[in-house]
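**Student:** sharing a model that was predicted from the sequence below.
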Amino acid sequence: MQSLKTKLLNFIFFFILTPNALAYDSSFAGKDSFGDIASRLFGSEMDVRLLIRVLCIMTGIALILSSIIQYGKHRRNPVETTLGAVFTSLLVGLALIALSFVPLQMQ
């Protein structure tokens, strides 16, 4: 029996990525290189600024949620998780979210 992760990866590969990579105009049938297929697969342009911004926000949210979970563990057993670890992950998460709002200057 396949796991849910394997089924999801198969779905993404066969139904989302493969049709985009193989969709081409028949007049260019023999002229496609791997670079052409990759550019169609990932779109015409990848916005690096947006990618960095989304990565900062997602990581910041994950760290804030982690700090909430760590705080719950600290309340149950203060020796297991220190309050410093809770505040550190909270502050780093907030800093990453704040970093996502800083305008990036890229040429």
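**Tutor:** Structure's in. What do you need?

**Student:** where in the protein is pLDDT low?
**Tutor:** By pLDDT under 70, the low-scoring segments of the chain are 1-2, 4-5, 7-47, 104-107.

**Student:** care to break it down by domain?
**Tutor:** 4-42, 48-99 (automatic domain parsing).

**Student:** what is the neighbour count of the nearest residue to residue 82 once chain neighbours are set aside?
**Tutor:** Nearest residue to residue 82, sequence neighbours excluded (Cβ to Cβ, 6 or more residues apart in numbering): residue 74, at 7.2 Å. For the C-beta atoms, the positions are set from N, CA and C on the backbone; glycine is no exception. As a burial measure, residue 74 scores 18 neighbours (other Cβ atoms under 10 Å).

**Student:** got the contact list for residue 74?
**Tutor:** Contact analysis of residue 74 by Cβ atoms under 8 Å, 6 or more residues apart in numbering lists 80-83, 86.

**Student:** what segments of the protein are helices?
**Tutor:** In the chain, the helices defined using DSSP state H lie at 4-11, 18-22, 34-42, 48-76, 83-99.

**Student:** buried residues, the longest one. List them.
**Tutor:** If you call a residue buried by 16 or more other Cβ atoms under 10 Å, then helix 48-76 has these buried ones: 53, 56, 59-60, 63-64, 66-67, 70-71, 74.

**Student:** with the residues you listed in mind, which one is nearest to residue 92?
**Tutor:** residue 63 (5.5 Å; Cβ to Cβ).

**Student:** shouldn't that closest one be in contact with residue 90?
**Tutor:** Yes. Applying Cβ atoms under 8 Å as the test, residue 63 and residue 90 come out as touching, 7.4 Å apart.

**Student:** just to revisit the earlier point, is it possible to get TSV of the contacts of residue 74 that adds distance to residue 49 and neighbour count?
**Tutor:** Below are the contacts of residue 74 laid out as TSV (distance: Cβ to Cβ, whole Å; neighbours: other Cβ atoms under 10 Å):
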residue	distance to residue 49	neighbour count
80	40	10
81	36	17
82	36	12
83	36	11
86	31	20
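
**Student:** output those residues as CSV; include the columns distance to residue 99.
**Tutor:** Converted to CSV, these look like this (distance: Cβ to Cβ, whole Å):
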residue, distance to residue 99
80, 30
81, 25
82, 25
83, 24
86, 20
